[in-house]
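S.K.: Okay, predicted coordinates and the sequence, questions at the end:
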Amino acid sequence: MTTAVRLGLRENWLQFTLLVIVNVCVGGLVGLERTTVPLIGTETFGLTSDLAVFSFIIAFGATKACTNLAAGALTARFRRRQLLIAGWLIGIPVPFALAWAPSWGWIIAANVLLGLNQGLTWSMTVNMKIDLVGPARRGLATGLNEAAGYVAVGAVALLTGYLAATHGLRPLPELIGVVFVAAGLGLSLVVRDTAAHVALELSHHPAPADGAQSARLAATFARTTWQNRSLRGASQAGLVNNLNDGLTWGVFPLLFTQHGLGLAAVGLIKGLYPLLWGLGQIPSGHLSDRIGRKPLIVTGMLVQAAGFVLALALLADPLLAGIISAIALGLGTAMVYPTLIASISDHAHPTWRANALGTYRFWRDTGYAAGALLAGILADTLGLNTTVIAAAILTTASGLLAARWITNPRPTIENSHPPTPTGTDQQPNTKPPNPTPS
């Protein structure tokens, strides 16, 4: 007997829970690198240039960004579950390469594979959760998804910092990644595809306007990047948000070790940031469903900027500076991260939503590479402190741009359908579509 397909978190709780656990594994794999890899570059391979050290983040970010963009287009040819499984297969060599790489070039190659893995697996878990819950709980769904991933990032960063302090930088801290790859692949073989849920939502959704609402990747890329001001505002905020993450990923371990902190303390700082980022996304995603996306996005960017200021203002006590800045960065990012994904989903028709999310995630994760590149250049020429100041200025500017550009109305819990997406800056049609069951 075939089970009827329905949209909603309660109606699909088992599949949703499996996907949450899968994303724990996705986050755990990338969490391997948060504490140890910059120090492997300087201490194991003797790198003296900050840009050379941050090159692994550039490789990861550029690859993940391009994979995110391709993942949206690939969903037109392949099922989401197939792409999820492919991502895990690509990730199998990563922990082994990080543990026993004979040269820095191997670390960079491992990060290319990690970028491919993260781009496919994280993209598909996001898309599949959005497919399952329907429009009314997108903020909560993305909050749960991102929380699972980033709590795992933080927990593994803490664990690898402890293991590195007690057992050395390699190979033990990296080999725990084998558990995440095996569990993620195994669960992905069990989870069901969500194509039927997409079809159900489409059946209750108004058809997009003709040419302006083309589902092709090129048209969606243009619409998401600059034509629609709300999508443009979300994309730039996502880029700067992950620029901050890429910058702190490389800069903070070096900055705080220069001021006398050991591996365990650095691991605490690098773990606290994504832990708060992760846990905070559940209430912030739910809150965005109630009060709207824009207030959380703008406030979150400004809180992140304050985190950079505090990191330098309190540097006389480096542990306190690291903890306070990690708290501000974590909470600010938690306000922004699921809300931006939900905002993109609000204004994307189901026929081109995967491409819109892929475009947004392309720009967002380009921020990793941009942050590492900017950090490397500024740190080599002007020092680490100037790099942190530059991040605070960019983040403030991004928050102000989000306040100016993100103008489209939000969906509400009481009104379970999304607003009719627009291809330009025009306001959407106010005539409500048929409600989507949730």
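M.R.: Nice, thanks for sending it over. Note that the structure is a prediction, hence the values are computed from the model and not measured.

S.K.: shaky segments in the stretch 301-438 of the chain?
M.R.: 408-438 (pLDDT under 70).

S.K.: Where do the helices of it begin and end?
M.R.: 318-346, 353-381, 384-405 (DSSP state H, counting those that start in this stretch).

S.K.: would you list those in a markdown table and tack on distance to Ala222?
M.R.: C-beta coordinates here come from the backbone N, C-alpha and C atoms, glycine included. Shown next, in a markdown table, are the helices of the stretch 301-438 of the chain (distance: least, CB to CB, whole Å):
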| stretch | distance to Ala222 |
| --- | --- |
| helix 318-346 | 15 |
| helix 353-381 | 9 |
| helix 384-405 | 16 |
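
S.K.: how long is stretch 47-64 from one end to the other?
M.R.: For stretch 47-64, the first-to-last residue distance is 24 Å (CA to CA, to the nearest Å).

S.K.: mean confidence for it?
M.R.: Stretch 47-64 shows a mean pLDDT of 93.

S.K.: gap between that stretch and the chain center?
M.R.: Stretch 47-64 sits 18 Å away from the centroid of its parent chain (CA atoms, centre = their mean, to the nearest Å).

S.K.: Can you pull out the residues in contact with that stretch?
M.R.: Stretch 47-64 has contacts (CB atoms under 8 Å, 6 or more residues apart in numbering) with 33, 37-38, 41-42, 104, 107-108, 111-112, 114-116, 118-119, 242, 246, 249-250, 254, 365-373, 375-377, 379-380, 384.

S.K.: Tell me which of the helices of the stretch 301-438 of the chain sits nearest to Val178.
M.R.: Checking those against Val178 by CB to CB gives helix 353-381 as the closest, at 24.0 Å.

S.K.: can I assume Ala334 is in contact with Pro274?
M.R.: No - contact between Ala334 and Pro274 fails when scored by CB atoms under 8 Å: they sit 9.7 Å apart.

S.K.: Out of the contacts of stretch 47-64, which end up buried?
M.R.: Buried members of the contacts of stretch 47-64, counted by 16 or more other CB atoms under 10 Å: 33, 37-38, 41-42, 104, 107-108, 111-112, 114-116, 118-119, 242, 246, 249-250, 254, 365-373, 375-376, 379-380, 384.

S.K.: Run the chain-centre distance for stretch 96-114.
M.R.: The gap between where stretch 96-114 is centred and where its chain is centred comes out at 22 Å by CA atoms, centre = their mean.

S.K.: what's the answer for stretch 217-237, then?
M.R.: 17 Å.

S.K.: what does stretch 251-267 give?
M.R.: 24 Å.

S.K.: do the same with stretch 304-320
M.R.: Stretch 304-320 sits 24 Å away from the centroid of its parent chain (CA atoms, centre = their mean).

S.K.: In that stretch, which residues are buried?
M.R.: 304-312, 314-315, 318-319.

S.K.: Which pair of those residues spans the longest distance?
M.R.: Checking those with CB to CB, the most distant pair is Ala305 and Leu319, at 21.9 Å.

S.K.: Now distance to Ala397 too, for the buried residues of stretch 304-320, in a markdown table please.
M.R.: What follows is the buried residues of stretch 304-320, written out as a markdown table (distance: CB to CB, whole Å):
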| residue | distance to Ala397 |
| --- | --- |
| Gln304 | 12 |
| Ala305 | 9 |
| Ala306 | 14 |
| Gly307 | 16 |
| Phe308 | 13 |
| Val309 | 14 |
| Leu310 | 18 |
| Ala311 | 18 |
| Leu312 | 18 |
| Leu314 | 23 |
| Leu315 | 24 |
| Pro318 | 28 |
| Leu319 | 30 |
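
S.K.: So which of these are in strands?
M.R.: Taking DSSP state E, every one of those sits outside strands.

S.K.: so where is the stretch 151-300 of the chain shaky, pLDDT-wise?
M.R.: 205-214.

S.K.: helix/strand/coil for the residue nearest to Leu19 when sequence neighbours are not counted?
M.R.: Leaving aside its sequence neighbours, Leu19 sits nearest to Thr125 (CB to CB, 6 or more residues apart in numbering; 5.1 Å). Secondary structure, DSSP: H, G, I helix; E, B strand; the rest coil: Thr125 is helix.

S.K.: Based on its surroundings, how many neighbours for the nearest residue to Leu319 once chain neighbours are set aside?
M.R.: Of all residues not flanking Leu319 in the chain, Ala265 sits nearest, at 5.7 Å (CB to CB, 6+ apart). Counted with other CB atoms under 10 Å, the neighbours of Ala265 add up to 18.

S.K.: List the residues that contact Ala265.
M.R.: Contact analysis of Ala265 by CB under 8 Å, 6+ apart lists 256, 319, 322.

S.K.: Out of the residues you listed, flag the one nearest to Arg293.
M.R.: Of the contacts of Ala265, the one sitting nearest to Arg293 (CB to CB) turns out to be Gly322, at 30.4 Å.

S.K.: For the closest one, which residues are in contact?
M.R.: Applying CB under 8 Å, 6+ apart, the residues near Gly322 are 252, 256, 261, 265-266, 268-269, 311.

S.K.: okay if I get the residues you listed as CSV plus secondary structure and distance to Leu14?
M.R.: CSV is the format used below for the contacts of Gly322 (DSSP: H, G, I helix; E, B strand; the rest coil; distance: CB to CB, whole Å):
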residue, secondary structure, distance to Leu14
Phe252, helix, 39
Phe256, helix, 43
Leu261, coil, 44
Ala265, helix, 41
Val266, helix, 39
Leu268, helix, 36
Ile269, helix, 37
Ala311, helix, 42
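
S.K.: Distance to Lys64 for those residues - can I get that in JSON lines?
M.R.: JSON lines is the format used below for those (distance: CB to CB, whole Å):
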{"residue": "Phe252", "distance to Lys64": "20"}
{"residue": "Phe256", "distance to Lys64": "26"}
{"residue": "Leu261", "distance to Lys64": "29"}
{"residue": "Ala265", "distance to Lys64": "28"}
{"residue": "Val266", "distance to Lys64": "24"}
{"residue": "Leu268", "distance to Lys64": "26"}
{"residue": "Ile269", "distance to Lys64": "23"}
{"residue": "Ala311", "distance to Lys64": "25"}
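
S.K.: Restricted to buried residues, select those residues in ChimeraX.
M.R.: For the buried members of these, the matching ChimeraX selection, counting by 16+ other CB under 10 Å, is:
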select :252,256,261,265,266,268,269,311
